[in-house]
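J.: Here is a sequence together with a model predicted from it:
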Amino acid sequence: MNGETEIGGELELTVSDLKQWAYCPRIPYYRYVIPVKVAPTYKMRRAKETEAAVQALEVRRGFRRYGLERAERRFELYLRSPRLKLSGKLDLLLVTEKAAYPVDFKDTEGGVRYNHRIQLAAYALLVEEKLQLPVPLAFVYLVPTKEVASVAVATKERAEVMRALQEIRRMAAREAMPAPTPVRARCVGCEFRNYCADIW
Ligand code: SF4
């Protein structure tokens, strides 16, 4: 193992890092390599309020929309894998006798996106390690439409999580600023926009 791999391999990461890496790889760079300070945005504050409101609604509902007869609900579950050096707080976990199903609340328009999928695949890995139960499927609860969308967390998605972990650690070890997201619309409301002078 070379020095770069050792340093990068030790870096403790979060599920949010994976989501942000998929959204724009510069965000984990600013977090781990620079790192820069940003004030909590309106979006972040609203996310907290939304979580509380969805939790209150969720406990009054049945499980049919998840395709389950019954399950135990565990809200705001902290998960950490010493093996993956990865942690995160899951909005909701549905647990049955035979399996577990992560649920992420998203206050977003436009349905489930790639960065949501990678986040849920990471939660699937964390849940399986902690509970020793299989995770066959995960869900996104889309707050604006109150819809539940199922998300695959199969071999392909899990491999993408492993690859992203490796890439983030490699980036941090090399201290190499990644290319900006090609989706420039994301830059408009980004809290790091002042640091990305090269794209304006
Ligand atoms: S301003 Fe754009 S390129 Fe820079 S971190 Fe934000 S999303 Fe990424």
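T.: Yep, that arrived.
J.: Give me the next element, helix or strand, following the helix or strand containing Val151.
T.: If you go by DSSP states H and E, Val151 is part of strand 147-152. Following strand 147-152 in sequence order, the next helix or strand is helix 155-174 (DSSP H and E).
J.: How about residues contacting that next one?
T.: For helix 155-174, contacts defined as C-beta atoms under 8 Å, 6 or more residues apart in numbering pick out 4-5, 7-9, 11, 13, 17-18, 21-22, 25, 28-29, 32-33, 84, 86, 117-118, 120-122, 124-125, 178. In this view, the C-beta of every residue, glycine as well, is placed from N, C-alpha and C.
J.: is it up against the ligand anywhere?
T.: No - figure legend: helix 155-174 not in contact with the ligand (C-beta under 6 Å from any ligand atom); closest approach 13.2 Å.
J.: And the residue nearest the centre of this structure?
T.: Nearest to the geometric centre of the chain sits Gln119, at 3.2 Å (C-alpha atoms, centre = their mean).
J.: Quick check: next helix or strand after the host helix or strand of that one?
T.: Element membership for Gln119, per DSSP H and E: helix 114-131. Remark: after helix 114-131, the chain's next helix or strand is strand 137-142, criterion DSSP H and E.
J.: just to revisit the earlier point, if I pick the residue nearest to the centre of the chain, what's in contact with it?
T.: 15-16, 18-19, 22, 104.
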